[in-house]
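Novice: Have a look; sequence and predicted model below, questions after that.
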2 protein chains.
Amino acid sequence: MNHSKLRNLCILFLIPLLTLIFPSPEGLSSLSWVLAGIYLAAIVGLVTKPFPEPVLLLLAVAASMVVVSVMGDGLLKMSAVLSGYASSTTWLVFSAFTISAAFVLTGLGKRIAYILIGKIGGTTLGLGYVTAFLDLVLSPATPSNTARAGGIVLPIINSISLALGSEPESSPRKVGRYLMLCVYMVTKTTSYMFFTAMAGNILALKMIEDLMQVHVTWVGWALAASLPGLIMLLLIPYIIYKMNPPELKKVDNKAIAAEGLRQLGPMSRREKLLTALFVLALLGWISCDFLKLDASAIAVCVMGLMILLGIVSWDDVLKNRGGWNTLVWYGGIISLSSLLSKTGFFKWLAQVLEQNISFGNHGDIAFIVIIFLSIIVRYFFASGSAYIVAMVPVFALLANASGAPVMLTALALLFSNSYGGCVTHYGGAAGPVIFGVGYNDIKSWWIIGLVITLLTFALQMTLGVWWWEFLMSLNLL
Amino acid sequence: MNHSKLRNLCILFLIPLLTLIFPSPEGLSSLSWVLAGIYLAAIVGLVTKPFPEPVLLLLAVAASMVVVSVMGDGLLKMSAVLSGYASSTTWLVFSAFTISAAFVLTGLGKRIAYILIGKIGGTTLGLGYVTAFLDLVLSPATPSNTARAGGIVLPIINSISLALGSEPESSPRKVGRYLMLCVYMVTKTTSYMFFTAMAGNILALKMIEDLMQVHVTWVGWALAASLPGLIMLLLIPYIIYKMNPPELKKVDNKAIAAEGLRQLGPMSRREKLLTALFVLALLGWISCDFLKLDASAIAVCVMGLMILLGIVSWDDVLKNRGGWNTLVWYGGIISLSSLLSKTGFFKWLAQVLEQNISFGNHGDIAFIVIIFLSIIVRYFFASGSAYIVAMVPVFALLANASGAPVMLTALALLFSNSYGGCVTHYGGAAGPVIFGVGYNDIKSWWIIGLVITLLTFALQMTLGVWWWEFLMSLNLL
């Protein structure tokens, strides 16, 4: 174990130790105070990463189990400490990870890519739009945007760049640099367009619903994000094209598509079944409020059917590390945050915020300030999920305390978590993968990322707000 | 998909379909009735195995989610359908699976084996006792008896048999047949000696505690099982030696032990840390009632510490398929059974049993009949866990209805699940692995298994009952 890892570990142990030693602030029970110390340590751990996320959360859960056993006076059962593992949020994410994997495993993702290339990939700009539409088509049921952008879109775009004679070292500007920027900025946009387009959305909505007493349906989310999202998807390939023009303009897309599709062969039974289940999942999520079904029930059913129909095997699921990692760490963090809620921590924090922060009667200003702050803060977080765990509760309570409009703030917060990560090349898990291919330089990435972030922010605060209020007036939100 | 798998699948879908079509019996809600259909289908699936256990349970959970959403009138949340995943039982088993794996991964299991061989393995009979003590030493913290018997004891015993010139094909009677029988019968005995010696124990106790309103501590379990268990451990190698004498009598154990230990080299840091954590876990479980700690909290902490200290890596945990399989399917079955409980199914079943079964005032006879029945029924189940899920609730309710002594029946039921699997070579997951090595014939295995089962039964019903009543009189149970 190296020096910095050891130091990071020591800090993690120090935080709950301090809450153990120092008495709890007025109005907060000592149990809640110590649990808050554990939660804070988990957040710091997610940022400094001395261990993978699931290990940190397992340690935090283990510590909470001991603390609740010893200090809880028997009021909380162990199942309350582990409640996140029975949360439908956790199983929705886990199931949807399996659906994501199916697009890679069956080759269906590749097939859609080559069809799009054949249709609209006649120019480099057209290929930019291929990344946008490909990612958009896959996004409603692929909550792992690393799997989507990194596992499906990137490999194809990378091989096309190479085939067009653009090498990372010698000729990045020919095609590759442009397309890589598109892949990242696009996936950061599609990620906020559907509730199920990013694992973090599901976690963030759970937290926001718990703290802000607001309910956003799958359809409501998709509708709210559709207008600003589609506009940005149309703008992004063009903006990047203007800011970072590729040297090559024309592409022989017909040959590339034909060769790609030839290699894939005719559409397999598994691909056809996956298409059917994908449509079924979408229909299910669209109508789940009407059917009185929970979104997670649909996801778990679709996962079950996938295994039943042989689209993926149980072995594929077992090998899908991303799924298990997310199961353990989402379940853990939801457990911890629900423990904080049960022991009155968030109520106490809300009171503290209310007593110390005042926007007067200017809820609208508070709204803009909170969302802008969320983007600034997001910049410091390498992981969107760490940001969600650390900051979303704070912003949510801040919004409550300042009288910001509830639904507007909720939506804008849910979306800013994703596009706020555009700036840096490590703002989301797909970032390092795409940047790592080697076509890009930090400077152009950050500048373009900043432009897209600010543009999205401006668009959402103007047109977005109008659109959301319009949807609310129609009772669609 | 072949014909018989398809037929088995159709049966699974038919059962809940029947409960959907036919109205629920008097005194039972239709929701509970349909959920019981799903539970029954899951049990049938665990026996016919058209899919691995976790897949069957995921399908059953998915179906329950839909049923509860549609028929539940909003009274049950999705988290109630998934409650087994927040059960401390599930996480106790998962954590202990990691501890089991550590004995294999670090080589500590092997080291203990060679030390024992050096001490008492001077004869073939002595080697039989090596299997007994080796398994016993490991059992308190290795709830996967497949990992223990199949992963640690078997490989060493197998290589010794081969080294002594006993080949499965040509000379099984020389040493191998004898030792293999020991490995299996011994692990079926140690498995009931500790709460944490077999995953099924943890599941069975959870069910029995819920249905019989009885509480068995870790220490209580170990004390109750110790006297009959130790006697059987002393008898088993000798009985098998008499019934199936190995041709070779003397063994050059010193050379085998020395060579084995030489290959392992000096004790590594990981092995030392594992020894320390193993002792810590035992101390924790022994004192957990006193410390007001939950047994699962100790297991999760030990797992966390193992990763923290580098005894196992998170990667090792991810690769430990047994752990994930058990997490998904135990969590699923506990969810289903708790749903049945919440919707009043077990209460209804108990009433039906009470109205139709009467042992008069002869609770003691009921006790013996129930335990004997449990062994007969166990014989038909290839998997101990399937037996637990299907039959333990029934026997528990039967005991309640017939006035059998609660604690005695609970203990005897908890133990019979394990030794009841002695008879057949597929009575537990380790069976096919050991039998598969090829030294054994079915006839001698079944005869010896039957003798040991009946002997254990007789011992528990006489000396065991006296011992348990003695412990109860001391308030140790």
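Specialist: Alright, I've got the coordinates.

Novice: Could you report the neighbour count for residue A:186?
Specialist: Residues lying near residue A:186 (other C-beta atoms under 10 Å in any protein chain shown) number 28. Backbone N, C-alpha and C define where each C-beta goes, glycine included.

Novice: Next: the one 3 residues further on.
Specialist: Other residues within reach of residue A:189, judged by other C-beta under 10 Å, total 29.

Novice: Now it: closest residue in space, sequence neighbours ignored.
Specialist: Among residues not flanking residue A:189 along the chain, residue A:232 sits closest, at 5.0 Å (C-beta to C-beta, 6 or more residues apart in numbering or on different chains).

Novice: so which strand or helix has the one you found?
Specialist: Per DSSP states H and E, residue A:232 falls inside helix A:218-243.

Novice: Next, the buried residues of that helix.
Specialist: For helix A:218-243, burial by neighbour count (16 or more other C-beta atoms under 10 Å in any protein chain shown) applies to A:218-225, A:227-229, A:231-233, A:235-237, A:239-241.

Novice: about what we covered before: quick check: the gap between the residue nearest to residue A:189 and residue A:410.
Specialist: 20 Å (C-beta to C-beta, to the nearest Å).

Novice: cool, and residue A:366?
Specialist: Relative to residue A:410, and taking C-beta to C-beta, residue A:366 is found at 14 Å.

Novice: ditto for residue A:454
Specialist: 22 Å.

Novice: How about residue A:208?
Specialist: According to C-beta to C-beta, residue A:208 and residue A:410 sit 5 Å apart.

Novice: Show me whatever sits in contact with both of those two.
Specialist: A:214, A:216, A:396 (C-beta atoms under 8 Å, 6 or more residues apart in numbering or on different chains).

Novice: Would you mind confirming that the last one is in contact with residue A:412?
Specialist: No: counting by C-beta atoms under 8 Å, residue A:412 is not a contact partner of residue A:396; they are 11.6 Å apart.

Novice: if we can go back for a sec, need the overlap of contacts for residue A:366 and residue A:410.
Specialist: Joint contacts of residue A:366 and residue A:410 (C-beta under 8 Å, 6+ apart) are residue A:399.

Novice: between these two, which one's more packed in?
Specialist: Neighbour totals were compared for residue A:366 and residue A:410, and residue A:410 leads with 27 against 22 (other C-beta under 10 Å).

Novice: now the lowest-mean-pLDDT helix or strand in chain A, how far from the centre of its chain.
Specialist: Lowest by mean pLDDT, DSSP states H and E among the helices and strands of chain A is helix A:145, with a mean of 79. Chain-centre distance of helix A:145: 7 Å, with C-alpha atoms, centre = their mean, to the nearest Å.

Novice: Can you name the element that comes right after that helix?
Specialist: Next element after helix A:145 (DSSP H and E): helix A:154-163.

Novice: Show residues contacting that following helix.
Specialist: A:110, A:113-114, A:117, A:127, A:130-131, A:174-176, A:179-180, A:182-183, A:251, A:256, A:260, A:430, A:433-434, A:437, A:439.

Novice: Domain map for chain A?
Specialist: When chain A is parsed with automatic domain parsing, its domains come out as A:1-79, A:88-322.

Novice: and the last one, how far from the chain's centre?
Specialist: On the basis of C-alpha atoms, centre = their mean, domain A:88-322 sits 13 Å off its chain's mean C-alpha point.

Novice: Would you map the strands across the stretch 151-300 of chain A?
Specialist: Along the stretch 151-300 of chain A, no stretch is classed among the strands by DSSP state E, counting those that start in this stretch.

Novice: closest point of the stretch 251-400 of chain A to chain B, which residue?
Specialist: residue A:297 (3.7 Å; C-beta to the nearest C-beta).

Novice: residues contacting the closest residue to that residue other than its chain neighbours?
Specialist: Distances taken as C-beta to C-beta, 6+ apart place residue B:65 nearest to residue A:297, at 3.7 Å, with adjacent residues excluded. Neighbouring residues of residue B:65 by C-beta under 8 Å, 6+ apart: A:294, A:296, A:297, A:300, A:301, B:78, B:81, B:82.

Novice: pLDDT weak spots in chain A?
Specialist: Residues of chain A meeting the criterion pLDDT under 70: A:1.

Novice: wait, what's in contact with the nearest residue to residue A:285 once chain neighbours are set aside?
Specialist: Nearest non-adjacent residue to residue A:285, counting by C-beta to C-beta, 6+ apart: residue A:218, 4.2 Å away. Listed by C-beta under 8 Å, 6+ apart, the contact partners of residue A:218 are A:194, A:195, A:196, A:285, A:286, A:288, A:289, A:295.
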